[in-house]
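Chemist: Below are the sequence and a predicted model; questions follow.
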Amino acid sequence: MLRKILILLGSLAAASLASGDSLVGHDVILCAPGYVTHCSSGGVCATRPADNYGIPSFLRFDLKRGLLLTSEASEEDASSPIQSISRANGEIYLQGIEAGRVFSVVLVEELGTGSMAIIASGETATAFLACTVI
């Protein structure tokens, strides 16, 4: 019974991440990755909460400064440069390279949702995002 309740609560939490707030006209965006799917070149994939892979619970995108940052409430104070920022057709496209990893993010401005991929040699990690403005 407890297992069924935990599964139901997990499903509700995942569903709550399916939508966010409008990002139209904003340059500082806070996103929460849901579950992350990590795959290795050997074909082994696993899906777990973001913090299991060292991905912060909240990611802050500062488009004016060109930075991907941890949230102000995070215990970790980290940032990565965003080398490419583009807005077109109601979407925001972000890409960067740091420490042997490439990241790409697509945000849907009207819905406040997005997708993220982190790629390194021999491994990938992908996640859906729910976002709001700060």
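Modeler: It's in.

Chemist: Tell me where the chain has strands.
Modeler: 28-40, 45-49, 59-62, 67-70, 79-81, 84-88, 91-98, 101-108, 113-120, 123-133 (DSSP state E).

Chemist: Give me the helices and strands touching the last one, please.
Modeler: When contacts are defined as 3 or more C-beta pairs under 8 Å, 6 or more residues apart in numbering; DSSP states H and E, strand 123-133 sits against strand 28-40, strand 101-108, strand 113-120. From N, CA and C alone the C-beta is placed, and that goes for glycine too.

Chemist: strands paired with the second one, and their directions?
Modeler: It stands for strand 101-108. Strand pairing for strand 101-108, using DSSP bridges, gives strand 91-98 (antiparallel), strand 113-120 (antiparallel).

Chemist: Output the ones you listed in CSV; the columns should cover mean neighbour count and distance to L129.
Modeler: Shown next, in CSV, are these (neighbours: other C-beta atoms under 10 Å; distance: least, C-beta to C-beta, whole Å):
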stretch, mean neighbour count, distance to L129
strand 91-98, 17, 11
strand 113-120, 18, 4
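
Chemist: give the contact list for G114.
Modeler: C31, I92, V105, V106, L107, V108, F128, L129, C131 (C-beta atoms under 8 Å, 6 or more residues apart in numbering).
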